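> Let me see the structure of the following:
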Amino acid sequence: MKCTLLLSSIALSTAVAEKPNIVFIMADDLGWSDVAHNGAKFYETPNFDQLTADGIKFTRSYVSGPNCAPTRASLISGMYTPRHQVWTPNAKSKGAFSNMKLVVPNRDNGKGDGLFPSKTDLDPKVESLAEVMNKAGYKTAMFGKWHCGPDQQGFDIFSGDGTTKPHKKHYGSPTVAATLTRGACDFIDKNKKDPFFLYLAHWDVHSPHRAEKKVVAKYKEKLKNGNWDNKWNPTYAAMIEAFDKSIGQVRQAIKKAGIANNTLIIVTSDNGTIGQVASGPLKGAKGSLFEGGVHVATSMVWEGVTKPGSTCDTPFSSVDYMPTFAELGGAPLPKNQPVDGKSLVPLIKGKKALKNRSIFWHYPLYLQANGKPVLPIMGTDKLYWRSTPSSMIVKGDWKLIHTYEDNAVLLYNIAEDPYEKNELSATSPEIAQVLRKELQNWVKETNAPIPSKVNSEFSAGSSEKGGKGKKSKGKKKSKKKKK
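Numbers count the residues shown, from 1 in each chain. Sure, this is the predicted structure:
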């Protein structure tokens, strides 16, 4: 493991003692390969690229869930998904019931049907990241997409678009990136004399894909006049530009306030991009435990601390932000709940820390693909799913996924094979055995639910259109049981 980030430890300790401001900027559904510094050819991300050049690029940055809700719940709570039980938005599996070998919470049987808890909201009793920072004297603000329930979890300022009430949805708004950014910049200006934690969670680039018409026109012209190797989406490109523009404006506000040398800025995404627009080399997309779903572009800059152009290839995930921010601010961690993450401050100092540390995932539901299926319906060769009930461990260069339908494992060496083309469980059985055992111990320790009941309506993919006939039949049977 290598972290090429070297500056004076004295400078860092001084900045830490002064309680640095923390600005956490997160896109919604921005893929790892949707930024120029990770190879994007059509999309333009000059501000994200400049921040990366000015600071540190994390090449193995993961999110704690394959989609938005679990990632955000883990970020705010510092806990892995089995502890907060937010697996996916709406709490249910997506796909034809007849194609699910195992019985799980889904659209046919309601939220749980007594199977296992599947929640949409973070428990208000959870001590949140905002509450941790409040204890250290930080002013806290959340602007943008929350997705953790009606409770605001201790944030001093809370707004869904930077101006209005907190919980209104703003998907597909061409102007919401601008209003969020204005709200964030105003907050920075008003709180520049005291330590603050700003969580700026953009709605872009989540679907429906809509953007400013003049920016869309720019990319349509670019597509028309270029010799492109892909059917790039000009509207999606315009949404990426809106997010990227926000990064530049926030950095400018920080510099104008004179606090750049005491402010850590982090830019990341909540998961990979959706299958309909996924174009990069990573396997899978949003909703998948393959790299395309959980490996995201992340860069950090802290003037006077992070070395320009540095990189770090140590894996980490969303649960690590709470202990990191707590250490930077001198805040105590929660005592009444587990904190699964580890502080990234040693990595920011350039130390070879967290080497061969294990990171975990658990996803006990099904998720039908919407453009980039990677898993077949059990017992067939029909690619249909993004995810099936699975657990996963990443340790150093290695990654293992345990699938519960067939009690099998998939093993990859991510350092040598970042695109997951070569499954190695047969050629490296010792490594697979060790990782599988560690993963099983973690599943037991966290009481992660494992679906085991076989679905009596499972038809092994007999319907070419997703088993709609069987799905209807399943609903009728469920009504008879209720009677």
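
> what's the neighbour count on residue 120?
Counted with other Cβ atoms under 10 Å, the neighbours of residue 120 add up to 18. Heads up, the C-betas are built off the backbone N, CA and C, glycines and all.

> Show me the protein divided up by domain.
13-86+121-355, 360-482 (automatic domain parsing).

> Pretty sure residue 172 sits against residue 209.
Yes - counting by Cβ atoms under 8 Å, residue 172 touches residue 209, with 7.2 Å between them.

> A strand includes residue 26, no?
Yes - assessed by DSSP: H, G, I helix; E, B strand; the rest coil, residue 26 belongs to a strand.

> Could you list the buried residues of the strand or helix carrying residue 431?
Assessed by DSSP states H and E, residue 431 sits inside helix 429-445. Within helix 429-445, the residues that count as buried by 16 or more other Cβ atoms under 10 Å are 431-432, 435-436, 439, 442-443.

> Residue 180: which of those is nearest?
residue 442 (36.4 Å; Cβ to Cβ).

> what residues are up against that closest one?
By Cβ atoms under 8 Å, 6 or more residues apart in numbering, the contact set of residue 442 is 358, 360, 391, 393, 448.

> Which pLDDT value does the model give it?
Turning to residue 442, the model gives it a pLDDT of 98.

> again, but for residue 474
On the pLDDT scale, residue 474 gets 38.

> And the strands in the stretch 51-200 of the chain, which stretches?
Secondary structure of the stretch 51-200 of the chain by DSSP state E, counting those that start in this stretch: the strands cover 56-58, 139-144, 157-159, 196-201.

> who wins for proximity to residue 304 among those strands?
strand 56-58 (13.1 Å).

> partners of the closest one in the sheet?
Strand 56-58 has the following sheet partners, assigned by DSSP bridges: strand 298-301 (antiparallel), strand 310-312 (parallel).

> Output those strands as JSON lines; include the columns mean pLDDT.
Formatted as JSON lines, the strands paired with strand 56-58 follow (pLDDT from 0 to 100):
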{"stretch": "strand 298-301", "mean pLDDT": "98"}
{"stretch": "strand 310-312", "mean pLDDT": "95"}
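
> Quick check: which of these is nearest to residue 160?
Among the strands paired with strand 56-58, strand 298-301 sits nearest to residue 160 (Cβ to Cβ), with 23.9 Å.

> Can I get the closest one as PDB, trimmed to CA atoms?
Taking C-alpha atoms only, strand 298-301 is exported to PDB below (Å, rounded to 0.1, in the frame of the first residue of the first chain):
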ATOM      1  CA  THR A 298     -12.600  10.900  -4.400                       C
ATOM      2  CA  SER A 299     -10.100  13.700  -3.900                       C
ATOM      3  CA  MET A 300      -9.200  15.900  -1.000                       C
ATOM      4  CA  VAL A 301      -7.400  19.200  -0.700                       C
END
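
> Could you number the chain from 3 rather than 1 from now on?
Let's use 3 as the start, then, which means that last one is strand 300-303.

> hmm, who's touching that strand?
Contacts for strand 300-303 (Cβ under 8 Å, 6+ apart): 39, 50, 53-54, 56-60, 63, 266-271, 308, 350.

> To what extent is residue 231 buried, counted in neighbours?
Residue 231, neighbours per other Cβ under 10 Å, totals 9.

> ok, the closest residue to residue 338 other than its chain neighbours - contacts?
Distances taken as Cβ to Cβ, 6 or more residues apart in numbering place residue 129 nearest to residue 338, at 6.7 Å, with adjacent residues excluded. Contacts for residue 129 (Cβ under 8 Å, 6+ apart) come out as 79, 336, 338-339.

> Repeat that for residue 348.
355-356.

> Keeping just the C-alphas, turn the helix or strand encompassing it into CSV.
Taking DSSP H and E as the definition, one finds residue 348 inside helix 347-350. Output in CSV follows, covering the C-alpha atoms of helix 347-350 (Å, rounded to 0.1, in the frame of the first residue of the first chain):
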residue,chain,number,x,y,z
VAL,A,347,-6.0,11.2,9.4
PRO,A,348,-2.9,9.0,9.2
LEU,A,349,-3.3,8.8,5.5
ILE,A,350,-3.7,12.6,5.3
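
> Let's test this: mean pLDDT of it, rounded?
90.

> And the residue nearest to residue 338, how far from residue 459?
42 Å (Cβ to Cβ, to the nearest Å).

> Kindly report the same for residue 375.
21 Å.
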